[in-house]
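Colleague: let me see the structure of the following:
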Amino acid sequence: MPITHPSRISRVAHGNALKVTDLHFTYPDGNAAVKGVSFTLAPGEKAALVGPNGAGKSTLILTLNGILSGRGRIEIGDMEVTRQNLPAIRGMVGLVFQKPDDQLFSPTVFEDVAFGPLHMGLPEAEVRARVDAALEAVDMRQYRERLSHHLSAGEKKRIAIATVLSMSPEMLILDEPSAGLDPRARRSLIHLLQQLPITMLASTHDMRMVKELCPRTMIMDEGRLVADGATDTILADDRLLAAHNLERP
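Modeller: Okay, the predicted model is just below:
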């Protein structure tokens, strides 16, 4: 299931895919949402970021491709997330929002998935190849001429992921990927994410998805990373889960 264009040399083939060092972020109203968070992700690793509402998870993931800018250091492979590096960083870090309609705004599926590659200035043949590869990766190639706003919630979620994959990212960041999906669509999405050969960080309240998808789990609460370890170990610690308003799946 190739999703990276063959002409592109990965920046994270060796070392860390992601390194976050002493990250802080405070909103203009004085709310300190992220307080000294540090962690790394290895290439190909799938990790979950969990915690109660208001823990700072969404703020954290928005800093990873420069939508928000905090204090500290974030590195994607060998490139630091800085203002001057943002165009390259946003090609390397694909962010899938909780609501697919925030990413789908073109009339057809093809146009939605082609939007990113077109704005990279790629030739038409490469744009079409990337669209086909991205739709194939999410098992939606037959939907390329469909109207995006007529799709089901689960189908929209897959197309939103395809819009990111068409950019050939090094990493996939997902905000509440299973939110709003019925059980069948949720199961289909989890299977899809399991098959994608890409570094992945999923911010979620869906603890069953965490157990099925992510070998590693990090717990965030009150802006701090309070636990980080093997998912089976984290989920077996009832006292830890209860302390941070989480439930064993």
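
Colleague: which pLDDT value does the model give A243?
Modeller: For A243, the pLDDT comes out at 95.

Colleague: if you could redo that for H5, that was the one I meant.
Modeller: Note for H5: predicted pLDDT of 37.

Colleague: where does the chain dip in pLDDT?
Modeller: 1-14 (pLDDT under 70).

Colleague: all helices of it, in order?
Modeller: Assigned by DSSP state H, the helices in the chain fall at 57-63, 86-92, 109-119, 124-137, 153-165, 183-195, 207-213, 231-235, 238-243.

Colleague: let me have these in JSON lines, adding distance to I76 and mean neighbour count as columns.
Modeller: C-beta coordinates here come from the backbone N, C-alpha and C atoms, glycine included. Converted to JSON lines, those look like this (distance: least, Cβ to Cβ, whole Å; neighbours: other Cβ atoms under 10 Å):
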{"stretch": "helix 57-63", "distance to I76": "12", "mean neighbour count": "22"}
{"stretch": "helix 86-92", "distance to I76": "5", "mean neighbour count": "17"}
{"stretch": "helix 109-119", "distance to I76": "17", "mean neighbour count": "21"}
{"stretch": "helix 124-137", "distance to I76": "20", "mean neighbour count": "18"}
{"stretch": "helix 153-165", "distance to I76": "14", "mean neighbour count": "24"}
{"stretch": "helix 183-195", "distance to I76": "20", "mean neighbour count": "16"}
{"stretch": "helix 207-213", "distance to I76": "22", "mean neighbour count": "19"}
{"stretch": "helix 231-235", "distance to I76": "24", "mean neighbour count": "17"}
{"stretch": "helix 238-243", "distance to I76": "30", "mean neighbour count": "13"}
